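K.L.:
predicted coordinates and the sequence they were generated for:
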Number of protein chains: 2
Amino acid sequence: MAMAKLVLLVSLLAAAGTSFSCAAWNIRMPTARTLEAVAARLENEVAAAPVIHALRPLLGSAGELGRRAGVPCDSWRLAVETYNKRDWKTVPASCESYVGHYMLGGHYRRDSRAVIDEAVAYAEGLQLGGNGKEVWVFDVDETSLSNLPYYAKHGFGTELYNATSFDEYVLEGSAPVLPETQRLFKKLISLGIKPVFLTGRTEDKRNVTVANLHSQGYSGWANLLLKPLGFQATTIAYKSGERQKLQDAGYVIVGNIGDQWSDILGAPEGARTFKLPDPLYYIG
Amino acid sequence: MAMAKLVLLVSLLAAAGTSFSCAAWNIRMPTARTLEAVAARLENEVAAAPVIHALRPLLGSAGELGRRAGVPCDSWRLAVETYNKRDWKTVPASCESYVGHYMLGGHYRRDSRAVIDEAVAYAEGLQLGGNGKEVWVFDVDETSLSNLPYYAKHGFGTELYNATSFDEYVLEGSAPVLPETQRLFKKLISLGIKPVFLTGRTEDKRNVTVANLHSQGYSGWANLLLKPLGFQATTIAYKSGERQKLQDAGYVIVGNIGDQWSDILGAPEGARTFKLPDPLYYIG
């Protein structure tokens, strides 16, 4: 298993390196560096056998790769992103390579950039009240920080969620920044709109989350709202309840961004919502 | 202009013919036939000069085609489908070929199939009350009937909306069926769930709409709700108001499907909503 993962990961890194420009790699350096580290770690885990792997031609993650596997992985991904497909537990096994290429090959970054471009344009067009009450809600995982180093080691979402191993990863505090989101975050602060983090992470992870956010270049947020330990409710109920409290405290939620529909559905949603791509997992 | 359109259309048809299997064409015959007719009509409009057009390699609509134009058309499309991009007037000019290939080359059909598969699975899992009160709301344009023959002649959404020429097309009553949606429609009737059409088309188009729906194989709907002439409201306000009336009359809206977010947003939305792809136009 570890060997197969290593072969896939090395081939993805190699393929990405040959198919995309150096400029693209420079932009994505934080993620690329982290994944090289993951590859190196994986290499230590398996015996140091020579890896010989014929690279398949990369025709774009939505092209032949998805079709050849007999599953239209690009249609699956669109159905996920548009909230047509719900309550799914794992990425289809036949889409592991597709999702891996999507996440690592520049497509994910490109799709994220298109969302953030819209968010920035919207924010720049806002008329603020001048009383400093405007806030923008940010989710954390797969919105502000990326858990891709974990998912690259765990089948890109094809494996069932494992709370133990995922928590171990979170407690490392090593999740890399999602740079497009950080561009929005910094723009909002420059405009006078206060970022508020609202996450499904629980209170016991406050310190590591703060440290991880700081180490990745986030600072100046107004609040970091974590879920009380043992709190029982759906994500939609939890998050919309927290947004209601913000409103009740006099704040105006001008924007709300997340990678899950459960981050942005449920009144009060915020004046405008933005959905970042995430083909790795579903939170209802 | 007409010549350029013809060249694109002929090249799209030719490219699709060489790149996709006969089986795929058989499935899509209604649309394909209509478009051949459009091509023939366009050919009559321009002088019968020989059309020599080097086909570019077709690497999938989300692949090189979008990138080569300098615009990430696939990221634009995802932003549209996920409601991140709103209030847009036209498809970017550089994405005309991309959208044309998407719509005609099998990708649109494949994405639609993935949505309908989810809708059928959901419908089959419903527990009905046994009183015949369950209804499913269908939009008409780009949901039940396709206006692709019109848009193929008008730049695949890159031209500004022209109410006069579009109305002329609608009044022909020739819009082909969207076969995936019809599959859901017929499944619902077999399950005892009543389809209700709810469209932004105005009352003066009732007869042609009924005839067009019948000629394309739709029958057995419970109601066809058209907008009163001169009615002033947003689509969301109009459609959610009509859904409220359905509920007030004792119906249970178990499902709601459309190609625009304005078809499915606004309480009461229906117990579950489905968003079909549509990169051709935006209705707010």
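P.N.:
Yes, it's here. Numbering: from 1, shown residues only, chains lettered A, B, ... in the order given.
K.L.:
what's the weakest-modelled helix or strand in chain A?
P.N.:
helix A:22-27 (a mean of 27; mean pLDDT, DSSP states H and E).
K.L.:
and stretch A:169-189, does that touch chain B?
P.N.:
No: using C-beta under 8 Å from any C-beta of the partner chain, stretch A:169-189 stays clear of chain B, with a minimum separation of 11.3 Å. The C-beta positions use only the backbone N, C-alpha and C, and glycine is treated the same way.
K.L.:
in that stretch, what's buried?
P.N.:
Within stretch A:169-189, the residues scored as buried using 16 or more other C-beta atoms under 10 Å in any protein chain shown are A:169-170, A:173-185, A:187-189.
K.L.:
just checking, what packs against the host helix or strand of A:Tyr122?
P.N.:
If you go by DSSP states H and E, A:Tyr122 is part of helix A:107-124. Under the contact criterion of 3 or more C-beta pairs under 8 Å, 6 or more residues apart in numbering or on different chains; DSSP states H and E, helix A:107-124 touches helix A:179-191, strand A:252-258, strand A:273-275, helix B:73-81.
K.L.:
which helices and strands does the following helix or strand past that helix pack with?
P.N.:
Of the helices and strands lying after helix A:107-124 in sequence (DSSP H and E), the nearest is strand A:134-138. Taking 3+ C-beta pairs under 8 Å, 6+ apart as the contact definition, the neighbouring helices and strands of strand A:134-138 are helix A:179-191, strand A:194-202, helix A:235-248, strand A:252-258.
K.L.:
do the third one and chain B meet?
P.N.:
No: using C-beta under 8 Å from any C-beta as the criterion, no contacts between helix A:235-248 and chain B are found, and the smallest distance is 13.8 Å.
K.L.:
stretch A:265-282 near chain B at all?
P.N.:
Yes: part of stretch A:265-282 sits near chain B under the criterion C-beta under 8 Å from any C-beta, namely A:273-275, A:277.
K.L.:
tell me how many other residues crowd A:Gly192.
P.N.:
12 (other C-beta atoms under 10 Å in any protein chain shown).
K.L.:
please give me every residue in contact with it.
P.N.:
A:128, A:132, A:134 (C-beta atoms under 8 Å, 6 or more residues apart in numbering or on different chains).
K.L.:
and A:Arg183, by the same measure?
P.N.:
With contact taken as C-beta under 8 Å, 6+ apart, A:Arg183 is in contact with A:116, A:120.
K.L.:
roughly how far apart are it and A:Tyr102?
P.N.:
According to C-beta to C-beta, to the nearest Å, A:Arg183 and A:Tyr102 sit 21 Å apart.
K.L.:
next: A:Ser165.
P.N.:
23 Å.
K.L.:
and the pLDDT for the residue nearest the centre of chain A?
P.N.:
What sits nearest the mean C-alpha location of chain A, by C-alpha atoms, centre = their mean, is A:Glu142, with 1.8 Å. For A:Glu142, the pLDDT comes out at 98.
K.L.:
count of residues packed around the nearest residue to it once chain neighbours are set aside?
P.N.:
Nearest residue to A:Glu142, sequence neighbours excluded (C-beta to C-beta, 6 or more residues apart in numbering or on different chains): A:Asp259, at 4.0 Å. A:Asp259 sits with 28 neighbouring residues when counted by other C-beta under 10 Å.
K.L.:
how about A:Pro228?
P.N.:
Per other C-beta under 10 Å, the neighbour tally for A:Pro228 reads 10.
K.L.:
then A:Val91?
P.N.:
Based on other C-beta under 10 Å, the number of other residues close to A:Val91 is 25.
K.L.:
quick check: phi and psi at the closest residue to it other than its chain neighbours.
P.N.:
Spatial nearest neighbour of A:Val91, chain neighbours left out: A:Gly157 (3.7 Å); criterion: C-beta to C-beta, 6+ apart. Main-chain torsions, A:Gly157, degrees, to the nearest 10: phi 90, psi 0.
K.L.:
residue contacts, A:Gly157?
P.N.:
A:90-91, A:96, A:99, A:151, A:279-281.
K.L.:
just the buried ones from these?
P.N.:
A:90-91, A:96, A:99, A:151, A:279-281.
K.L.:
mind pulling up the pLDDT for the nearest residue to A:Gly266 once chain neighbours are set aside?
P.N.:
Once flanking residues are discounted, A:Gly266 sits nearest to A:Ser240: 3.2 Å by C-beta to C-beta, 6+ apart. Note on A:Ser240: pLDDT of 98.
K.L.:
show the end-to-end separation of stretch A:129-139, please.
P.N.:
With C-alpha to C-alpha, to the nearest Å as the measure, the ends of stretch A:129-139 fall 24 Å from one another.
K.L.:
tell me which residues in that stretch are buried?
P.N.:
By neighbour count on 16+ other C-beta under 10 Å, the buried set for stretch A:129-139 is A:133-139.
K.L.:
what residues does that stretch touch?
P.N.:
Taking C-beta under 8 Å, 6+ apart as the rule, stretch A:129-139 contacts A:123, A:126, A:128, A:144, A:181, A:185, A:188, A:192-200, A:221-222, A:243, A:246, A:250-260, A:263, A:270.
K.L.:
enumerate every residue touching A:Gln182.
P.N.:
A:Gln182 makes contact with A:144, A:216-218, according to C-beta under 8 Å, 6+ apart.
K.L.:
which one of the residues you listed is nearest B:Tyr108?
P.N.:
A:Ser144 (33.7 Å; C-beta to C-beta).
K.L.:
where does the stretch 101-250 of chain A get nearest to chain B, residue-wise?
P.N.:
A:Ala114 (4.0 Å; C-beta to the nearest C-beta).
K.L.:
from A:Ser75, how far out is that residue?
P.N.:
Between A:Ala114 and A:Ser75 the computed distance is 19 Å (C-beta to C-beta).
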